[in-house]
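>>> Provided below for reference: sequence and predicted model.
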Amino acid sequence: MGKGLKRTVQGWVYLDTYLHMHGNEQLRIENCRRILEYNEILVRLQTLDMIIEIWGTDLRVFDYNDSSVSVTGKISSIQLTEKR
């Protein structure tokens, strides 16, 4: 399937990844597939088309249900890496 068509289909069925950030202390990620790594300085998540790394201090993961997750703590950076 071509990349453009894949992107269009993802939008139709709400498979895109959505990040909702509140200051630097709370981040909600929608359409998260799974938690790859979790400790107090790094949370690494897998979505349909990317890996998300959240770096900070005192990080905690809450509300992992319905393919969304909330991360709280002092967030210093977010890195998005597209899956190939």
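That came through fine. Numbers count the residues shown, from 1 in each chain.
>>> Just the buried positions in stretch 49-58, please.
49, 52, 54, 56 (16 or more other Cβ atoms under 10 Å). To be clear about C-beta, it is placed using only N, CA and C from the backbone, and glycine gets the same treatment.
>>> Which members of the residues you listed occur in strands, if any?
Among these, the residues falling in strands (DSSP state E) are 52, 54, 56.
>>> Okay, and the residue most central in space within the chain sits in which element?
Per Cα atoms, centre = their mean, the C-alpha nearest to the average position across the chain is that of Ile29, at 4.4 Å. Taking DSSP states H and E as the definition, Ile29 sits inside strand 26-30.
>>> can you list the residues that contact that strand?
17-21, 45, 47, 52, 54, 63, 67-72, 75, 78 (Cβ atoms under 8 Å, 6 or more residues apart in numbering).
>>> I'd like the next helix or strand past it.
Scanning forward in sequence from strand 26-30 by DSSP H and E, the next helix or strand is strand 32-38.
>>> Hmm, Arg60 is touching Val69, no?
No. With contacts counted by Cβ atoms under 8 Å, Arg60 stays clear of Val69, the gap being 10.7 Å.
>>> can you pull the contacts of Asn24?
Contacts of Asn24 by Cβ under 8 Å, 6+ apart are 56, 74-76.
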